[in-house]
Every structure is written in structure tokens, then in C-alpha cells.
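A.B. asks: Fold the following.
(one chain, ligands or ions: 1)
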Amino acid sequence: MAEIEFYLSTAVICMTAVLFLESVFPLHVAPVPLRRWLRNLGLSVLALSISLLTPLLFLALTHASSALPTMGLLAQSKVPAWGQWLIVFLTLEGLRYALHRLSHRLPWLWRLHAVHHSDVDLDATTTHRHHPLENFVSSLAMLPVLIAIGPPPLAVLAYTVLTTMVDTFSHGNLRLPTAIDKVLRLAIATPAYHRVHHSAARAQTDSNYAGTFPVFDYLFRSHGRVPDDGGRNITLGLETNRDASSQSLMALLSAPFRRVQ
Ligand SMILES: [Zn+2]
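C.D. replies: Have a look, this model is predicted:
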């Protein structure tokens, strides 16, 4: 499917672009962490494959029932195109925000989501470092919402591409001038803004949930203070699972089933 190829190409191009920017404007300079990158990319390939379940299932259902595309709320409404796009963006972003907050609240979801947080450093390769089961849960939650609202397919694709671009940017090891960062983070999550969320200190971890648009963080007052140094001195990762043996691909895949973190 052309949409899937487009999405995967976007993910690869974004990661390559941000890795290049990190070499020019790094928040902190470090030797290339080749092993960590390979582990993150291995997990990303698995997680992204599972993420594709939603469009594949949606397409299969559409083929099985030709009435499906016209059944959704938006498909039957007289809302103008720009309004439909706005509703799609807010609904999908709101769902991501709700799922993310639940992932920090519910122990079984946290076991899955903690794999993303267990990275002891932060750069573009962290973006898609998720446990595949976490993406499976997100895909399952997203599917009925898509069926219910019946969104314009192009709006869903545009949202997915935009969130992939901003997510990769906000995970980057990048330093922006403080004044620019302050203005930019009113609209999108900046590297400094999202770095706070990856702090090992739980109070900071449970804040700044947005990796893309912080609108719901501001609305529900879950945004935290962003340090002026761009978060350079923040200790990243979890308080546990910091040793090398906890960071192997097999350890990351089995982490949710091993012990309470
Ligand atoms: Zn999180």
C-alpha cells in the first residue's frame, strides 16, 4: 500500500535528518553509541511493524464492508473539510494523550511503556523504541475510534506524518536557543520540553506527556518546568534497569513480563 510505504519512508527520512542535526547542534556531545542505536533500531522495526496493524485492519474492514467508509460520524456530517481535519487532529492527539497518561497510571500498561522510558540516553533513535505490545494496544484502541469518526483518509495520513516528524524532533539530542524554544513549545513539543518527560525522577516523568502537540498538557495542567539549559543535566531513563544486561534486545522484549519496574 502506498500509504504504508509513505509512512515508513517518512519515519526513516525524519530519523536520518534529526541524526544529522544532532551532529551539528547537539545538546551534549558523545561518541556514536553504535550498540544502543542498533538495539533501538531493532526494537523500532518490530514496533513500527505492529503499528501498521491499524491501517491494515481498517483497510480489511473497508474491503469487507463497502458501507464502512460512509458510516462514520464525519462521513455523514456536513462539517466543512477544514473542520473535519481539525476534529481528526484533536481526536487522534487527544486519544494519544489519554493513552499516554493511562500508560503512566495503570501498572500493566506502564510495564510496556517503561521500555520506551528505559533508554538511558535520548536521541532520534529513541523515538520508535517501544515494546511491540504497547503499539499493539495503541493500534487496538485507535481502530474503533477511526471507524466511529469516519475521517478523511488524507487527514489521518497528514496527522501521522506530522506526528512522526515532530516526535522524532522532540526526542532529538538537540539544543535550541532558549528564546526560540520557549515560543516553539507553545505549539509543538521541543527537545527540551520532551526531555523532561524522559527524566529518571518520577515527578518529571509524569509530566510533559506530549511528544508532538502539548495542547492537552496545557489544558489538563500536566506540563512541568523546562530547564533553561535544555535539560542537559537531567538524568535520563528509569531509576532501575540501567545496567547493560537490562538494555539488550531480548531483555527489553521480556522486561514487561519479568518483574515490577
Ligand atoms: Zn511516557
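A.B. asks: Retrieve the pLDDT associated with the nearest residue to R39 once chain neighbours are set aside.
C.D. replies: The shortest distance from R39 to any non-neighbouring residue, by Cβ to Cβ, 6 or more residues apart in numbering, is to L249 (5.3 Å). Where C-beta positions appear, they are placed from N, C-alpha and C, glycine not excepted. For L249, the pLDDT comes out at 91.
A.B. asks: now L249: how far from L41?
C.D. replies: 10 Å (Cβ to Cβ, to the nearest Å).
A.B. asks: gap between R35 and A244?
C.D. replies: In terms of Cβ to Cβ, R35 sits 9 Å off from A244.
A.B. asks: Could you do L162 as well?
C.D. replies: The gap separating L162 from A244 is 36 Å, by Cβ to Cβ.
A.B. asks: Comparing these two, which residue is more hemmed in?
C.D. replies: Taking neighbours as other Cβ atoms under 10 Å, L162 and A244 compare with L162 leading, 15 against 10.
A.B. asks: contacting residues around the more buried one?
C.D. replies: By Cβ atoms under 8 Å, 6 or more residues apart in numbering, L162 lies in contact with T212.
A.B. asks: and it, what are its phi and psi?
C.D. replies: phi -60, psi -40 (degrees, to the nearest 10).
A.B. asks: what's downstream of the one helix or strand V88 maps to, the next helix or strand?
C.D. replies: Using DSSP states H and E, the element containing V88 is helix 81-105. As assigned by DSSP H and E, the chain's next helix or strand after helix 81-105 is helix 107-117.
A.B. asks: angle of that following helix against helix 81-105?
C.D. replies: Counting by axes from the mean of the first three to the mean of the last three Cα atoms, to 10 degrees, helix 107-117 points 100 degrees away from the direction of helix 81-105.
A.B. asks: returning to that earlier point: pull the number of nearby residues for the residue nearest to R39.
C.D. replies: L249: 13 surrounding residues under other Cβ under 10 Å.
A.B. asks: And R129, by the same measure?
C.D. replies: By the measure other Cβ under 10 Å, the count of residues near R129 is 21.
A.B. asks: any idea how far it lies from V137?
C.D. replies: Distance of R129 to V137, computed by Cβ to Cβ: 16 Å.
A.B. asks: now swap in R185 and tell me
C.D. replies: In terms of Cβ to Cβ, R185 sits 28 Å off from V137.
A.B. asks: try A200
C.D. replies: Using Cβ to Cβ, A200 is found at 24 Å from V137.
A.B. asks: Mind jotting down where the helices sit in the stretch 1-150 of the chain?
C.D. replies: Ranges of helices in the stretch 1-150 of the chain, per DSSP state H, counting those that start in this stretch, are 2-24, 34-51, 53-64, 73-76, 81-105, 107-117, 132-149.
A.B. asks: For D228, find the nearest of those helices.
C.D. replies: helix 2-24 (20.2 Å; Cβ to Cβ).
A.B. asks: Show me what that closest one packs onto, helices and strands only.
C.D. replies: Packing contacts for helix 2-24, counted by 3 or more Cβ pairs under 8 Å, 6 or more residues apart in numbering; DSSP states H and E, involve helix 53-64, helix 153-170.
A.B. asks: For stretch 201-219, buried residues please.
C.D. replies: 204-205, 207-217 (16 or more other Cβ atoms under 10 Å).
A.B. asks: same thing with stretch 5-18?
C.D. replies: 7-8, 10-11, 14-15, 18.
A.B. asks: Those residues into CSV, with extra columns for pLDDT and distance to G230?
C.D. replies: Formatted as CSV, the buried residues of stretch 5-18 follow (pLDDT from 0 to 100; distance: Cβ to Cβ, whole Å):
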residue, pLDDT, distance to G230
Y7, 78, 30
L8, 82, 30
T10, 87, 26
A11, 87, 25
C14, 92, 20
M15, 92, 20
V18, 94, 15
